[in-house]
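Engineer: Any chance you can model this:
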Amino acid sequence: MTDEKQFDEYLGGSEKLPHDVHILKIAAARASEIAGMNYNIGNPRQTKLIFQKLPVHMRRRAMSHNAKRMPRRLRKGHISQMTKSGLPPKSKRPSRKYRRRPKNLLREYNRRQQNNFWLETHIWHAKRFKMVEKWGFKLPMHSNDRCFKASYRAVKNHCLLQDISYYTCLEIRGNAENLKAKLKDHCNQNELTFGAKTFMSGQREGTLMFYKKNGYPNHPIGHITFMWKNSISNEKSIWLWIHPAFYKNILEEIISNFNFNLNHPDQTKISESIIPFSELKLNQMIKIPVFSNAEGCKLIVLRNCLNRFRLSGPLCLSTITEAFKVPNLNMKFQTPFITSNLMNTRKLNIKNYNDESMELDTDDKDVGDGWFRNYYQFQNVENIESYKVQKEFFDTLKTLKSPSQLPSNMILGLTILDPRFFLPSKRRKSLLNSKVIENTLIPPALTTISSLWDENVRNFLSTNCKSMSFINNLRTKNLVPGVQNDELYSEDIMQKIPIIIIQRPGHHSDSNYTEFSAGFDIILPAEWSMPVWLSLILRCARPGGLRESKSIAQECSNLNVPCINHPDTEAYQIEAEYKKTQMIEKYFRLPPNKRINYVKFGITSPFFCEWKLLMKEWNGSDDFYILREKKILRQLSNEIKSNFASSKNERNKQVEQTVTSIQKLFNDIENQNCFLPVRVVVERKGIPKDFSIICLPSKEDIEMYLKDKDWTGPIESFKSDSNENKRKNLRIGHQALLRKLRRQRIKLLQKMKDNSCHIAPKSCEEMKKVKKVNEVVKKKLQDRSKPFILQQAQIMANLYLPKCESVRKSCDREVIGYVTNGSFSYSEAKGIGLGYVVATSVLNNFKEVSNFILIRNSTTRQYRICKLEILNC
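Structural biologist: Presented below is the predicted three-dimensional model:
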């Protein structure tokens, strides 16, 4: 203890404390202190808010808009401060459970489909695929897995499944002779047209190039597929399946040729009396356009009213026969069945489903087989006979091994049971049938009859599709839970679905895989995509997207598909311009030292094929078209193959004969300003890419190729770039200008800041006005440099990619064409390219060096020796 005396007298100090205190005296003495404290509280000198006074470790970024982030004792004051500052208190965000309610979720899905329509399998694809916006749809491009080679193996050995429901179906009804005469104006009349007997019977699906009215050969639109309804009467119906890239063009041509007038529909395709408007999906609310003319013809646009799946591969037949079950035609259907407008009045009522019993209500039974009873009633003997024939033929399909054992483009109408009752417990791969029939199976004529052509049947099925909850309620009544016995349910419960199966022939070539891409297309009514899709997926069908469609066409060397447009079509021009814009933007996003100097490589158009300029340099006219005469193309292809297959001595003897025969073929062509569809096969190294140029080799190139087996091709010499110094000088001047503008901007901002410091604002409002003025001035100063930047970017773009003025003589070798689709071919284990060459250049090439050509990618100077083949479009 210290020896110093304390303050209190009891502790040794001199001060004596009183025993009592006078409160009034103390309060009067402290009155000034209390007044000063109240003044400081009412007029705070610090401008910090409550949440800004918290310790650093307790601060949260979301405190300014979420009061629950504050400590509870400060929450009330914080809310009052936020209210005084003019910020309205935000309402609580609805929970995710509320947003995911079926009614709200359906409303949200309909809103998101306003610009780009969804397929019925969209949600399934969106979880597993890269989705792209194209042609007004949201479509799957490719799987998120690395599955490029796996998809090829599926087409070659197993089964690949694609949803191509984005194709639009146009139905035209009217007199058969009138329809044939009108549609004949849009075809190449030297080949099979819409009116061919093999198509008019309704037993085969046809494919052809659709032209503008009397526009052959210069005005093509695109490839379409079509099928006629099997009918004995003179009134016929035809379905046209059109790719969305050129759907509007074909629709306009048909309306113009038939003189159709629009009949304004009064309601949607699903009546609101059947389903409330709030429960309708977007595709059910779309009105179906109906056109008619004075001749009694009618046009119905069945867009999004039918779904179409595509299966490719040898196992697709086994997959279909395992996934689909055909109902039995009970004896009760062979007696008259009386019903009053069943398909228009009866509907599915799941809400009234009795959970206490396994017995179904009458309405539920009618939903299961209502239209089925009506369609196959006793009075219509033809429908009953066709059903029996179709069932027998479908049973015969189970004994086949490959789709190629069926007639090409064969049409089979079929009625199947709801596939959800026959789903396997887990995924299992379909196996090839053990019993094999070697001969081609010829189907009877009655197999093409289908109730899917009936509009009432389609609307009834789209409206009355049972939900999965209904089927799950049936499963909960099993005596042994967990035991799958769906196939034991009565067929009266199961809905019957009419479908159409169309055989697609495989690719026939000289390679080993002559059945590559053979398969089936399945057409089914709306609202039934997911049940059928899942039944096929669970049979180990591999899903594919748009990328797989192009890769299949590439492997087959097939240009007669809607997904590949020819250069003389409007759809190709639109797609090419879009791709050009995208690639140029990607090119200029790279820094200058990473950009390829195409001028030095001799590539005048790296992102676009200059067809018109190339044709003008060869033939003197920029008008061109693609030669599609199969007879001429086949003869050209045979001449080239025979010449290439000959030995060196024999080839020298046949050169004159080949040139003479080719010259005769060209003389048969009226307009020789045409391109030939070709296939280039790389002989040694290299893979052709898109926009690769096809060039004529010199005699020295061929001699070097035949002499040296390790020689891969000539190399392009470097070209001089006259714009290189201009770009450097412009870049230096532009950077100096930007530095000058930046110094001026900093100087003005500093001056404004100094002026604002000398001005004492009288209130907070004046301070806000000063800040606002400063921000506006700052933004204007920054915007002063934008015009200079945009102008510089435009000038530099023109200097990096100057306007193409020449193609033919732009390289060391003469350019004769372009590769539009190039990649590595798994079936041939080498680089393959599809493209077009000027027709007259082929004759010149044969006079000099036979059918060898050179290709060069736009990103390299290395030429590659290739073999040229003419495709039979």
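Engineer: Please tell me I have it right and Ser535 contacts Ala323.
Structural biologist: Yes: assessed by CB atoms under 8 Å, Ser535 is found in contact with Ala323 at 4.4 Å. The way it works is simple: take the backbone N, C-alpha and C, and place the C-beta from them, glycine included.
Engineer: Tell me the residues that contact both of the two, please.
Structural biologist: Shared contacts of Ser535 and Ala323, defined by CB atoms under 8 Å, 6 or more residues apart in numbering, are found at 419, 422.
Engineer: which one is Arg75 nearest to, not counting chain neighbours?
Structural biologist: Ala67 (5.3 Å; CB to CB, 6 or more residues apart in numbering).
Engineer: per-residue confidence at that neighbour?
Structural biologist: Ala67 carries a pLDDT value of 78.
Engineer: The most centrally placed residue in the chain in helix, strand or coil?
Structural biologist: By CA atoms, centre = their mean, the chain has its centre lying nearest to Leu139, at 3.2 Å. Three-state call for Leu139 (DSSP: H, G, I helix; E, B strand; the rest coil): strand.
Engineer: roughly how far apart are it and Leu546?
Structural biologist: 6 Å (CB to CB, to the nearest Å).
Engineer: can you check Thr321 too?
Structural biologist: 28 Å.
Engineer: likewise Lys753?
Structural biologist: Lys753 is 56 Å from Leu546, where distance means CB to CB.
Engineer: CA atoms of the helix or strand hosting Gln573 as CSV?
Structural biologist: Here Gln573, judged by DSSP states H and E, is contained in helix 570-589. Provided in CSV are the C-alpha atoms of helix 570-589 (Å, rounded to 0.1, in the frame of the first residue of the first chain):
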residue,chain,number,x,y,z
GLU,A,570,-32.2,-16.7,-99.1
ALA,A,571,-31.9,-18.8,-95.9
TYR,A,572,-28.1,-19.3,-96.6
GLN,A,573,-27.6,-15.6,-97.1
ILE,A,574,-29.2,-14.7,-93.8
GLU,A,575,-27.2,-17.4,-91.9
ALA,A,576,-24.0,-16.4,-93.7
GLU,A,577,-24.4,-12.7,-92.8
TYR,A,578,-25.1,-13.6,-89.2
LYS,A,579,-22.1,-15.9,-89.0
LYS,A,580,-19.9,-13.2,-90.6
THR,A,581,-20.9,-10.6,-88.1
GLN,A,582,-20.3,-13.0,-85.2
MET,A,583,-16.8,-14.0,-86.4
ILE,A,584,-15.7,-10.4,-87.2
GLU,A,585,-16.7,-9.3,-83.7
LYS,A,586,-14.8,-12.3,-82.2
TYR,A,587,-11.8,-11.4,-84.4
PHE,A,588,-11.6,-7.8,-83.2
ARG,A,589,-12.0,-8.8,-79.6
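Engineer: my guess is Met37 is in a strand, correct?
Structural biologist: No: under three-state DSSP, Met37 sits outside any strand and is assigned helix.
Engineer: number of nearby residues for it?
Structural biologist: Met37: 11 surrounding residues under other CB atoms under 10 Å.
Engineer: Next one, pLDDT for the residue lying closest to Arg595 once chain neighbours are set aside please.
Structural biologist: Excluding its sequence neighbours, the residue lying closest to Arg595 (CB to CB, 6+ apart) is Tyr587, at 6.3 Å. At Tyr587, the pLDDT value in this model is 94.
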